[in-house]
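Trainee: Need coordinates for the following:
(chains A and B)
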Amino acid sequence: MIWNEHHECMGREQLASLQGERLRQMVERIYFNVPFYRQKLQEMGIEPGDVRTVDDLRKLPFTTKQDLRDNYPFGLFAVPQSDVVRFHASSGTTGKSTVVGYTHNDILMWSEVVARSLTMAGVTKHDIIQVAYGYGLFTGGLGLHYGAEKVGASVIPISGGNTMKQLQLLEDFGSTAIACTPSYAAFLGESIRDAKLDPSKIKLKAGIFGAEPWTEQMRTEIQQLLGIKAYDIYGLSEVIGPGVSMECSFQKGMHIFEDHFIPEIINPETGEVLPYGELGELVFTAVTKEALPLLRYRTRDLTRLHVDRCECGRTLVRMEKCVGRSDDMLIIRGVNVFPSQVESVLLEMSETRPHYLLVVDRQNNLDTLEIQVEVEDQFFSDEVKVLEGLRKRISGNLTSILGLHASVRLVEPGTIERSQGKAQRVVDKRKLS
Amino acid sequence: MIIKQLSVFLENRAGRLTELTGILYDNDINISAFSIADTTDFGILRVITGKPELAEKVLKEQGFAVKITDVIGMVMPNKPGGLHKALQLLTDNGISIEYMYAFASGDGRATAVIRTDTPQKAIEVLQLHKMELLKTGDVYQV
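Mentor: This next block holds a predicted model:
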């Protein structure tokens, strides 16, 4: 099923011309309504008339998260406050949160892309969907909610948490779809198993999961626990929220709704635009956004785009699951390594928790990677062979995910520093010498 | 007959064992016997003490990974063949030993602390053959 066949299956050339026209209008809007952009464009000697096709995009300046912080709260808005009908804000793990705004049309557009996403997961008006994303400043709950209503599904706006209630409604209402974070989905699945609920009473068939990184192993686990097909949805509040891209039933990457969000992959160091298939930083221009139209917003997510035709019939490009954040990437013996990969390995192993430190060093002109992992009190064994077995298992799992040898050192619990904001995950001794 | 042994995970870094013994000293906990299993990166300290629960509590409070492990204390004559005869009994009865450590007590006897997956069976076998076993109350005296 395709929600909007016209836009999702459009010929690539026709799409490019639509994007070009929308980009032209967007640049005009921000030039005249956002002083920040007018100044930037003027400094670069660009006038609205210079933008005619989508290829002109690469001439335009980038926008970063720092720009949003510098213009906190409403400095980058392109409409007066009277046209803003809603705010959302990011959690802001570092510094101030990022505020985003929506006009009535923005909400309609958002509902449209979420409706397309839900349709990809097979959700129709005949479904009962439990929206277990948090409702509030976070975009997850309300984003999914409006899209599900647009599809015509019956929405249970239960929000996150309250697991006993979630289980009760799953049983009593017979919810057929659920939207939440993948970690919460796994937790719900375990709760169903532990509560020994009658599996025949759980009618779920599809799950729409996003807002945090997750792995294929987690997908398999969630699918088994809940007896569903699990779909990956991607989005970020600066662009719109969930529904920037979504997996179709073939699950070969997430289709980006390019008629609204023009993606680019750039070299994070130089800003140079990279061709399809190459790994780089994902950049979005939300050409139809009214309240907060960001030009070439740097997501800092690293991924690849693929444009070959998908079996589902959609012509929209597909993005791979993000491999990490551009600001976290390490290059070790020529291999790109992300702390998030280490984290996902540790999260998947039942005996470990994601408290770790990567120590990169250089010995005899060869990079070395050591990963320190805390021994969990409840998994501490006083037998050397058990601990050595654990150490080897962690090392083996890491080596296969990272693609290079990682030695593991077990350390005492609580010895890896916990910090308030982002934890210090990496010590790169190569930079010190 | 089961003795509660305290097992502690220790990183191989200078002074770490001294910190631990300091904590035990501050809490008036005596060490009756101990051994350390060491690997390149870490060690596992195994301690016999009269106050294993208190030791576990205070060390956990200080962030150590600690575990109470069931072991048995086998008392043997401190003379040639003493250990061999005891081990032969265990071997003949299919009891395998994960690890052990031993010490002489100076009264013509020696004690071996044994960790096995089947402590109850080991106790039965040893008692059947009139071997002396350490009791919890004896721990202060070893």
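Trainee: quick one: strands adjacent to the longest strand along chain B?
Mentor: With residue count as the measure and DSSP state E as the assignment, chain B has strand B:66-77 as its longest strand. In the sheet containing strand B:66-77, the strands it pairs with under DSSP bridges are strand B:2-11 (antiparallel), strand B:109-116 (antiparallel), strand B:132-133 (antiparallel).
Trainee: any chance of these in JSON lines, with mean pLDDT too?
Mentor: Written out in JSON lines, the entries for the strands paired with strand B:66-77 read as follows (pLDDT from 0 to 100):
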{"stretch": "strand B:2-11", "mean pLDDT": "93"}
{"stretch": "strand B:109-116", "mean pLDDT": "93"}
{"stretch": "strand B:132-133", "mean pLDDT": "90"}
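Trainee: need those in TSV with mean neighbour count and distance to A:F284, can you?
Mentor: Every C-beta, even on glycine, is put in place using the N, C-alpha and C of the backbone. Formatted as TSV, the entries for the strands paired with strand B:66-77 read as follows, by neighbours: other C-beta atoms under 10 Å in any protein chain shown; distance: least, C-beta to C-beta, whole Å:
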stretch	mean neighbour count	distance to A:F284
strand B:2-11	21	45
strand B:109-116	20	59
strand B:132-133	16	72
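Trainee: So which bits of the longest strand of chain B are buried?
Mentor: Taking 16 or more other C-beta atoms under 10 Å in any protein chain shown as the neighbour-count basis, strand B:66-77 is seen to contain the buried residues B:66-67, B:69, B:71-76.
Trainee: and if you look at stretch A:266-273?
Mentor: Applying a neighbour-count criterion of 16+ other C-beta under 10 Å, one finds A:266, A:268, A:273 buried in stretch A:266-273.
Trainee: so who does the first one touch?
Mentor: I take that to be A:I266. Contact partners of A:I266, counting by C-beta atoms under 8 Å, 6 or more residues apart in numbering or on different chains, are A:272-274, A:280-281, A:283, A:298.
Trainee: And the buried ones among these, selectable in PyMOL?
Mentor: Typed into PyMOL, the line below selects the buried ones among those, using 16+ other C-beta under 10 Å:
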select buried, chain A and resi 273+274+280+281+283+298
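Trainee: Show me the contacts of A:I266 that map onto strands.
Mentor: In strands, defined here by DSSP E, the members of the contacts of A:I266 are A:280-281, A:283, A:298.
Trainee: closest to B:V8 among the residues you listed?
Mentor: Each of the ones in strands among the contacts of A:I266 was scored against B:V8 by C-beta to C-beta, and A:E281 proved nearest at 46.1 Å.
Trainee: Near the nearest residue to A:T415 once chain neighbours are set aside, how many other residues are there?
Mentor: What sits nearest to A:T415 in space, not counting adjacent residues and going by C-beta to C-beta, 6 or more residues apart in numbering or on different chains, is A:E374, at 6.7 Å. As a burial measure, A:E374 scores 21 neighbours (other C-beta atoms under 10 Å in any protein chain shown).
Trainee: For A:E374, report the pLDDT, please.
Mentor: According to the prediction, A:E374 has pLDDT 89.
Trainee: separation between A:V337 and A:G396?
Mentor: For A:V337, the distance to A:G396 equals 16 Å [C-beta to C-beta, to the nearest Å].
Trainee: Compare the two (neighbour count), which wins?
Mentor: Ranked by neighbour count (other C-beta under 10 Å), A:V337 and A:G396 place A:V337 first, with 26 against 13.
Trainee: re earlier: now the longest strand of chain B, how far from the chain's geometric center?
Mentor: Mean-position distance between strand B:66-77 and its chain equals 4 Å (C-alpha atoms, centre = their mean, to the nearest Å).
Trainee: which secondary structure elements does the next helix or strand after it contact?
Mentor: Read in the C-terminal direction, the helix or strand following strand B:66-77 is helix B:82-92, with elements assigned using DSSP states H and E. Helix B:82-92 sits against strand B:66-77, strand B:97-104, strand B:109-116, helix B:119-128, with contacts defined as 3 or more C-beta pairs under 8 Å, 6 or more residues apart in numbering or on different chains; DSSP states H and E.
Trainee: hmm, back to that, same list, the buried residues of strand B:66-77, but as CSV with pLDDT please.
Mentor: As requested, those are exported to CSV (pLDDT from 0 to 100):
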residue, pLDDT
B:V66, 94
B:K67, 92
B:T69, 93
B:V71, 95
B:I72, 94
B:G73, 93
B:M74, 93
B:V75, 92
B:M76, 92
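Trainee: dump the residue contacts of residue 63.
Mentor: You didn't pick a chain, so chain A it is. When contacts are counted by C-beta under 8 Å, 6+ apart, A:T63 touches A:76, A:294-298.
Trainee: Chain B, not that one
Mentor: Contact analysis of B:G63 by C-beta under 8 Å, 6+ apart lists A:412-415.
Trainee: Excluding covalently adjacent residues, which one is nearest to the residue of chain B found nearest chain A?
Mentor: Using C-beta to the nearest C-beta, B:S7 is the residue of chain B that sits closest to chain A, at 3.2 Å. Taking C-beta to C-beta, 6+ apart, and ignoring the residues beside it in sequence, B:S7 has A:D382 as its nearest neighbour in space, at 3.2 Å.
Trainee: Now do the one you found against B:I36, distance only.
Mentor: Applying C-beta to C-beta, the value for A:D382 to B:I36 is 11 Å.
Trainee: Output the longest helix belonging to chain A.
Mentor: For chain A, the longest helix by residue count, based on DSSP state H, is helix A:12-33.
Trainee: check contacts around the most centrally placed residue in chain B.
Mentor: Using C-alpha atoms, centre = their mean, the residue of chain B that lies closest to the mean C-alpha position is B:V113, 4.5 Å off. With contact set as C-beta under 8 Å, 6+ apart, B:V113 has these partners: B:3, B:5, B:33, B:35, B:46, B:48, B:71-73, B:100-102.
Trainee: farthest pair in those residues?
Mentor: B:S35 and B:I72 (14.9 Å).
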